[in-house]
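Asker: The sequence and its predicted three-dimensional model are supplied below.
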Amino acid sequence: AAEVPVGVRLAGELLAVIRGKATWEGALQWMEQQGVEQQMGGPEGVVQVAMLALLAAGSKSPSHLNVALERYAQLLAELLNRAGPGGAEVLLHQASQFYVSLPQKVLMVVDRLMGLNLLQAEAVVRWVLRSALPPLVYGEEDPTTASSGWELLHYAIDRVLQRTLELQGRIAKGEEEVEVLSVKARQASDRAAAASEDMPVPNESNELDIRRALSRVEAANNEESQISIRLSHAQAELDRYRGLLAALPAEAQGALLEAYSGLCALLGEGERKLG
């Protein structure tokens, strides 16, 4: 029997860890304990193993895929950070190989990865034009599948434009939530202050009143604390969306420039081969 490739074996073992409901930190710890980076020859190999395992975990249905990628998004983010620019190409290559005969599934994977900010449009465009399309266009592989590459190219660029509208909507909703929670936080603070001011002066005859007043103060302080936490989270999420929106023009420019240079290189190489 043919020997199972190391990457496939490790991905199968990681899949068992994932199906055991491990946290992303637990999955990362397992990979480090198993020496996956050493076995795979570098950090890009670790991305390969993780992505293959997550694709397998999500292969049952689109909802399974969404859950797998979302649950372990932080794992992929950490591994991509360690791998550098080459990590994005590994994600795309694994998706295209896993769903080699199902190009729409590749689009679905890319959509989720971009939605989770694990892939940038520029990286997708670069991979399509410099890795995926050339062998198809030049007849080194079945050219009938080249259409899926062009579709992915169009999608990556269009996704940046659509993302602007999406983020604007999320920002508007986030601003409304922050405003509502800010009002609630002020009201809760006023109630907590009023409860503290209503504390009776302790004496021998009002022990029960003191206990009741302390209970009201504690409840008011807990309410204020919980609302403040919700407000802090909502503000952080709003700031994150604003940051993503501010970065979009540069991302769009990078994707378009990459498309231009990649197409020029693709056409130039085609002309050279024909000549």
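Answerer: Great, that's in hand.

Asker: any weak-confidence spans in the stretch 51-200 of the chain?
Answerer: Applying pLDDT under 70 to the stretch 51-200 of the chain picks out residues 134-148.

Asker: With adjacent residues omitted, what lies nearest to the residue nearest the centre of the chain?
Answerer: Nearest residue to the geometric centre of the chain (C-alpha atoms, centre = their mean): L116, 2.4 Å. Once flanking residues are discounted, L116 sits nearest to A73: 4.6 Å by C-beta to C-beta, 6 or more residues apart in numbering. Every C-beta, even on glycine, is put in place using the N, C-alpha and C of the backbone.

Asker: distance of the residue nearest to the centre of the chain from Y155?
Answerer: Note on L116: its distance to Y155, by C-beta to C-beta, to the nearest Å, is 16 Å.

Asker: Repeat that for G115.
Answerer: Counting by C-beta to C-beta, the gap from G115 to Y155 is 12 Å.

Asker: I227 too?
Answerer: Relative to Y155, and taking C-beta to C-beta, I227 is found at 41 Å.

Asker: Please apply the same query to A259.
Answerer: 12 Å.

Asker: Ok, Y99 next?
Answerer: Distance, Y99 to Y155, using C-beta to C-beta: 15 Å.

Asker: for E32, same thing?
Answerer: Distance from E32 to Y155, counting by C-beta to C-beta: 35 Å.

Asker: Neighbour count: these two, which is higher?
Answerer: Y155 (18 against 11; other C-beta atoms under 10 Å).

Asker: Let me know the next secondary structure element after the helix or strand harbouring S63.
Answerer: Using DSSP states H and E, S63 sits in helix 62-71. The helix or strand immediately downstream of helix 62-71 is helix 73-83, counting by DSSP H and E.

Asker: now that following helix and helix 62-71, what's the angle there?
Answerer: 60 degrees (axes from the mean of the first three to the mean of the last three C-alpha atoms, to 10 degrees).
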